[in-house]
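Peer 1: based on what follows, work out the 3D shape:
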Amino acid sequence: MGHYLEIKNLKVSFRSYEGLKRILDIDELYIDKGEAYGLVGESGSGKSVLALTIFKLLTTPPGVIESGSIILDGIDILKKKEKEMEQIRGKKMAMIFQDPMSTLNPVFTIGQQLIKAVEKNQNLRGKEAYEKALEMISLVKLPDAENVLQKYPHELSGGQRQRIIIAIALSCGAEFLIADEPTTALDVTIQAQIMDLMRELKEKSNTAIILVTHDLGVVANFADRIQVMYAGQVVERGTAREIFYESKHPYTWALLSSVPKVTNESKEELYALKGTPPDLLLPLHECPFASRCEYCMGICKEKNPMETSLSDTHKVSCWLQHPKAPKVKSFYDKEAK
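Peer 2: Here you go, the predicted model:
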């Protein structure tokens, strides 16, 4: 039996005055119903480009999908025309963007926008559509649903607006959800509430969710599996436990080192990864992380490493996994001191 979402050999480029420049290269990604998948990496690592490509919302030009397949519940997304995609988006798949104010229309009430989504995707009208909208507001745990429907977006807090976006996504009956940095502009308490809400919805509705974030701390208690991206490539992927406790890539170690530790009494400065990601518009034949990696070897500047399987679920692309590579002190060795 196949996976609910399956991506293979996806290669996306941008057109520039020098020709096509590869900005995304994904060999494999899959997610099953009821599973939470974390997509982690710095800004500019290709996470949002991947999300837009899955939804076939990538602006073309300059974006060009050179090859690959995206199969969602047996549907080949890349072969569908825009009219067909309009039927798939919403009913099959939905997206939560990081800034709800850029998604909600400021001149219409919450009720007008939510009811319109219900009418379009569930073929309900009048009182039935209104009652469904009330049900969605209650589902995302906003009190006084009738009052909320009468408000305009600017009258709600950031956390309330994000819940409304989730309600609109769920009102479509979508079985697959991409949340692109859904907690970025929210304080820590509201972040936790939004993540708890998404976890509860996943368990109740058996929804497949991809959470796009730069913060490993956000996915720690949410994702079943995690994919770490850097410069448009997957550098490591595995179960949440494998990524947090058995990771092998120096970039993953750097991300883990950047997570604040509540129990840290040494008052050491928070770790900051030096340097910047490579310019993907320039030719790149080496490991993309080589210029920032403290373990960089000669071969790292000559060839991009192939993916190595450490287990059925744990894969890593790093020359340190080569049998002839030197043994180095990992993130965990340093933490044990």
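Peer 1: can you name the residues that contact residue 65?
Peer 2: The contact partners of residue 65, by CB atoms under 8 Å, 6 or more residues apart in numbering, come to 10, 11, 12, 53, 58, 78. Every residue, glycine included, has its C-beta placed from N, CA and C.
Peer 1: wait, a strand at residue 13?
Peer 2: Yes - Residue 13: assigned to a strand according to DSSP: H, G, I helix; E, B strand; the rest coil.
Peer 1: show me what it is bridged to.
Peer 2: Using DSSP bridges, the beta-bridge partners of residue 13 come out as residue 22, residue 64.
Peer 1: and it, how far is that from residue 224?
Peer 2: Residue 13 is 31 Å from residue 224, where distance means CB to CB, to the nearest Å.
Peer 1: and these two? Which one has more around it.
Peer 2: residue 13 (20 against 17; other CB atoms under 10 Å).
Peer 1: I figured the more buried one hits residue 66, correct?
Peer 2: Yes - under the criterion of CB atoms under 8 Å, residue 13 makes contact with residue 66 at 5.6 Å.
Peer 1: what sits in contact with each of the two?
Peer 2: Residues touching both residue 13 and residue 66 (CB under 8 Å, 6+ apart): 20, 22.
Peer 1: quick revisit: among the contacts of residue 65, name the buried ones.
Peer 2: Burial by neighbour count, judged by 16 or more other CB atoms under 10 Å, picks out 10, 11, 12, 53, 58 from those.
Peer 1: out of those residues, the closest to residue 191 would be?
Peer 2: residue 53 (26.5 Å; CB to CB).
Peer 1: how about the host helix or strand of the closest one: buried residues?
Peer 2: Element membership for residue 53 (DSSP states H and E) is helix 47-54. Under the neighbour-count criterion of 16+ other CB under 10 Å, helix 47-54 has 47, 48, 49, 50, 51, 52, 53, 54 buried.
Peer 1: name the helices or strands packed onto that helix?
Peer 2: strand 5-16, strand 19-31, strand 36-40, strand 63-72, strand 176-180, strand 208-213 (3 or more CB pairs under 8 Å, 6 or more residues apart in numbering; DSSP states H and E).
Peer 1: as PDB, could you dump the C-alpha coordinates of it?
Peer 2: Output in PDB follows, covering the C-alpha atoms of helix 47-54 (Å, rounded to 0.1, in the frame of the first residue of the first chain):
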ATOM      1  CA  LYS A  47      11.400  24.600   3.100                       C
ATOM      2  CA  SER A  48       8.800  27.100   1.800                       C
ATOM      3  CA  VAL A  49       9.700  26.500  -1.800                       C
ATOM      4  CA  LEU A  50       9.000  22.800  -1.300                       C
ATOM      5  CA  ALA A  51       5.700  23.600   0.400                       C
ATOM      6  CA  LEU A  52       4.600  25.800  -2.500                       C
ATOM      7  CA  THR A  53       5.700  23.200  -5.000                       C
ATOM      8  CA  ILE A  54       3.600  20.500  -3.300                       C
END
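Peer 1: what angle do it and strand 176-180 make?
Peer 2: Helix 47-54 runs at 150 degrees relative to strand 176-180, counting by axes from the mean of the first three to the mean of the last three CA atoms, to 10 degrees.
Peer 1: show residues contacting helix 47-54.
Peer 2: 5, 7, 10, 12, 23-24, 26, 39-41, 58, 63, 65, 70, 72, 77, 93, 95, 178, 180, 210, 212-214, 229, 232.
Peer 1: hang on, residue 80 packs against residue 56?
Peer 2: Yes - Residue 80 is within contact range of residue 56, at 7.0 Å (criterion: CB under 8 Å).
Peer 1: and those two? which has more neighbours close in?
Peer 2: The neighbour comparison of residue 80 against residue 56 (other CB under 10 Å) goes to residue 56, with 19 against 16.
Peer 1: residue 36: what's it in contact with?
Peer 2: 199, 202, 209, 211, 222, 223, 224.
Peer 1: now do the residue nearest the centre of the chain against residue 40, distance only.
Peer 2: Centroid check for the chain by CA atoms, centre = their mean gives residue 212 as the closest residue, at 1.9 Å. As judged by CB to CB, residue 212 and residue 40 stand 8 Å apart.
Peer 1: what does residue 195 give?
Peer 2: 14 Å.
Peer 1: more neighbours: which of these two?
Peer 2: residue 40 (25 against 19).
Peer 1: contacts only, for the more buried one.
Peer 2: Contacts of residue 40 by CB under 8 Å, 6+ apart are 47, 213, 214, 215, 216, 219, 226, 227, 228, 229, 255.
Peer 1: again, 10 Å this time
Peer 2: 47, 211-216, 218-219, 223, 226-230, 236-237, 243, 252, 255 (CB atoms under 10 Å, 6 or more residues apart in numbering).
Peer 1: from those, which land in strands?
Peer 2: Among the contacts of residue 40, the members found in strands (DSSP state E) are 211, 212, 213, 226, 227, 228, 229, 230, 236, 237.
Peer 1: of those, which is the nearest to residue 282?
Peer 2: Comparing those against residue 282 with CB to CB places residue 230 closest, at 15.6 Å.
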